[in-house]
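Visitor: Take a look and give me a structure for this.
(chains A and B, ligands or ions: 1)
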Amino acid sequence: MKHPCETIQKQLADYLEQNLEPTAAQAVEAHLEACEACRAECHRLARVPELLQHWAPPVPTEAIWQGVQVRLHQKRLFMPRKVYALIGSAAAVLALVAFWQWWSRPTPPPALTQMDMEPFYRAHLDWAPHTEAVNLHLSLSSGGEVNDGAR
Amino acid sequence: MFVYGLTDSELIARACEGEERAFEVLFQRYHAAVYRLLLGITNNHDDAQELTQEVFLRAYQELPRLQNRENLGAWLRRTATNLAIDKLRRNKRVRFDSLDAPLTTETGEEVEWQIEDPAGDVLAAVQSSELSEAVQRALGQLSEIHRSVVVLHYMEGLPVEEVAQMLGIPVGTVKSRLARARLALRILLKDFVEVEGENE
Ligand SMILES: [Zn+2]
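Guide: All right, here's what the predicted structure looks like:
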C-alpha cells in the first residue's frame, strides 16, 4: 500500500492551482494539517511562481532599438509627421502657383483675318492711285499673316 | 527636451506628432518586459529579439488608433503573446489544444515526476547557477505548451481564464498544465525552493 504522503504530494500542485475536486482538496488540507513533511513540500511548490519573478534575462536593448529604427525608416514611417505636413503644404503651394500661372497666362492677340484687313486694303486702293506711293502688294496668306509684298 | 516625466498617453500623443524621442522613451519603458515575455515563450534569443522589434513596429503604426492610451502595456503584451504563439505554431507546429504530452526536455527525455530529491544528477548544471540563470534553464526544459502557460500566468500574471482564451484551450487544461509545470520547476529549481528558516 502506498504511503499516504506520496499520494498527497502528487496532488499538491493541482491543489495549489485549485484544480482538485472539493472532496479531494479537503482530503489534502486535512493531511497537511497533520503532516509537517507534506506541509514543507507544499511551501516549496508554492514558492515556484515567486522564484520565476527573479528571472531577469539580459536584454539586447541597443540591438533591438536599432532594428526598430531601421525598419521604421525603411517603411518611411519614422519621417516625422510634421515633415510630412511640411512637404504636403509645400506641394500644395507649388500646385497653386502653377495653376495661377497657367490661369493668368497672357492671351495671344487674335490672328488677323482677311475681314480684319479689308478696310486697310480698301483705303490703300482708294488712296494709292492719287499718290506716288509704291504699289504695295498686300496679300493675305491663308494663315492671315500680313506680308509686305514690296519688291 | 523633457520627456522622461511624461505619462504614456502624453508620450503617445507626441509620438503621433512624429517625435521620435517620445517613441524611444515608450520603447525604453516597455521593451524589457516585452522581450522577457517573448523569450519566455519562444525560448530563443533571436526570435525574441526579432519579435520585440515587430511588436514595437506595430505599436508605432497603431498608436494613433490606440483606444486606451494608458493601457499601452496591456496592448503590447497581447500583441507580443499573439506573435509568439503564431511563431511557435508556424515554426514547430505546436498545437496548444493537443492532449497533454508528458513533459519532456529539449532532447526528448521525459522529466521525472517523482517528488523525491533526484540527488543532483539531472540538476547538476543548475545547482551553481544564479537564480535568474536557473530559471532560464528551467524554462528551457519545459515544452512550449507548458512554458506558455507558465510565462503568461506566473510571470505575466494573466488570469487562467485569459490564458485559456489566448491559447484556445479550456481553463481546466491550463490549470493541469500549470500544475505539471510547477512540479517540474520545483524539481529543476530545487536549490532555491527551500523556505527560509525551514529545514528538511
Ligand atoms: Zn504527509
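
Visitor: Now do the strands in the chain.
Guide: Using chain A here. A:138-140, A:146-148 (DSSP state E).

Visitor: can you check chain B too?
Guide: Under DSSP E, chain B gives no strands.

Visitor: Identify, by residue count, the longest helix of chain B.
Guide: Selection of the longest helix in chain B by residue count, based on DSSP state H, yields helix B:20-42.

Visitor: by contact count, what packs against it?
Guide: On a contact count with 3 or more C-beta pairs under 8 Å, 6 or more residues apart in numbering or on different chains; DSSP states H and E, helix B:20-42 meets helix A:61-74, helix B:8-16, helix B:45-62, helix B:72-92, helix B:144-149. (Each C-beta comes from the backbone N, C-alpha and C, glycine too.)

Visitor: I'd like to know which elements the second one is packed against.
Guide: Spelled out, it's helix B:8-16. Against helix B:8-16 (3+ C-beta pairs under 8 Å, 6+ apart) you get helix B:20-42, helix B:72-92.

Visitor: Can you list the buried residues in the longest one?
Guide: Applying a neighbour-count criterion of 16 or more other C-beta atoms under 10 Å in any protein chain shown, the buried positions in helix B:20-42 are B:20, B:22-27, B:30-42.

Visitor: With the last one instead?
Guide: Along helix B:72-92, the positions that meet the burial threshold by neighbour count (16+ other C-beta under 10 Å) are B:72, B:75-77, B:79-81, B:83-85, B:87-88.

Visitor: In CSV: these, plus distance to chain A and pLDDT.
Guide: Shown next, in CSV, are the buried residues of helix B:72-92 (distance: C-beta to the nearest C-beta, whole Å; pLDDT from 0 to 100):
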residue, distance to chain A, pLDDT
B:Leu72, 15, 93
B:Trp75, 16, 93
B:Leu76, 13, 95
B:Arg77, 16, 93
B:Thr79, 14, 95
B:Ala80, 13, 96
B:Thr81, 17, 94
B:Leu83, 14, 95
B:Ala84, 15, 93
B:Ile85, 19, 90
B:Lys87, 16, 89
B:Leu88, 18, 86
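
Visitor: Please determine how far A:Val59 is located from B:Glu20.
Guide: 21 Å (C-beta to C-beta, to the nearest Å).

Visitor: okay, B:Glu19: pLDDT?
Guide: Here, the pLDDT recorded for B:Glu19 equals 89.

Visitor: what's the answer for B:Arg93, then?
Guide: Looking at B:Arg93, the pLDDT reads 61.

Visitor: Which residue ranges make up each domain of chain B?
Guide: B:8-90, B:103-188 (automatic domain parsing).

Visitor: Ends of the shortest one, what's the gap?
Guide: The separation between the terminal residues of domain B:8-90, taken as C-alpha to C-alpha, to the nearest Å, is 33 Å.

Visitor: Domain boundaries for chain A, per the record?
Guide: Using automatic domain parsing, chain A is parsed into the domains A:4-54, A:60-105, A:112-148.

Visitor: Output those domains as a markdown table; include the columns mean neighbour count and distance to chain B.
Guide: Below are those laid out as a markdown table (neighbours: other C-beta atoms under 10 Å in any protein chain shown; distance: least, C-beta to the nearest C-beta, whole Å):
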| stretch | mean neighbour count | distance to chain B |
| --- | --- | --- |
| domain A:4-54 | 16 | 4 |
| domain A:60-105 | 12 | 3 |
| domain A:112-148 | 11 | 59 |
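
Visitor: B:Leu6: neighbour count?
Guide: B:Leu6 has 15 neighbouring residues, counting by other C-beta atoms under 10 Å in any protein chain shown.

Visitor: what's the spacing between the residue nearest to A:Pro49 when sequence neighbours are not counted and A:Asp14?
Guide: Once flanking residues are discounted, A:Pro49 sits nearest to B:Tyr154: 4.2 Å by C-beta to C-beta, 6 or more residues apart in numbering or on different chains. According to C-beta to C-beta, B:Tyr154 and A:Asp14 sit 15 Å apart.

Visitor: which stretches of chain B have low pLDDT?
Guide: B:1, B:92-129, B:196-200 (pLDDT under 70).

Visitor: Which one of the residues in it is closest to chain A?
Guide: Chain B approaches chain A most closely through B:Gly18 (3.0 Å), counting by C-beta to the nearest C-beta.

Visitor: Distance check, that residue against the ion.
Guide: For B:Gly18, the distance to the ion (C-beta to the ion, to the nearest Å) stands at 64 Å.

Visitor: Likewise for A:Leu12?
Guide: Taking C-beta to the ion, one finds A:Leu12 at 10 Å from the ion.

Visitor: B:Ala164 now?
Guide: 32 Å.

Visitor: Take the buried residues of helix B:72-92 and write them to JSON lines, including distance to B:Glu62.
Guide: As requested, these are arranged in JSON lines below (distance: C-beta to C-beta, whole Å):
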{"residue": "B:Leu72", "distance to B:Glu62": "10"}
{"residue": "B:Trp75", "distance to B:Glu62": "7"}
{"residue": "B:Leu76", "distance to B:Glu62": "10"}
{"residue": "B:Arg77", "distance to B:Glu62": "14"}
{"residue": "B:Thr79", "distance to B:Glu62": "8"}
{"residue": "B:Ala80", "distance to B:Glu62": "13"}
{"residue": "B:Thr81", "distance to B:Glu62": "15"}
{"residue": "B:Leu83", "distance to B:Glu62": "13"}
{"residue": "B:Ala84", "distance to B:Glu62": "18"}
{"residue": "B:Ile85", "distance to B:Glu62": "19"}
{"residue": "B:Lys87", "distance to B:Glu62": "19"}
{"residue": "B:Leu88", "distance to B:Glu62": "23"}
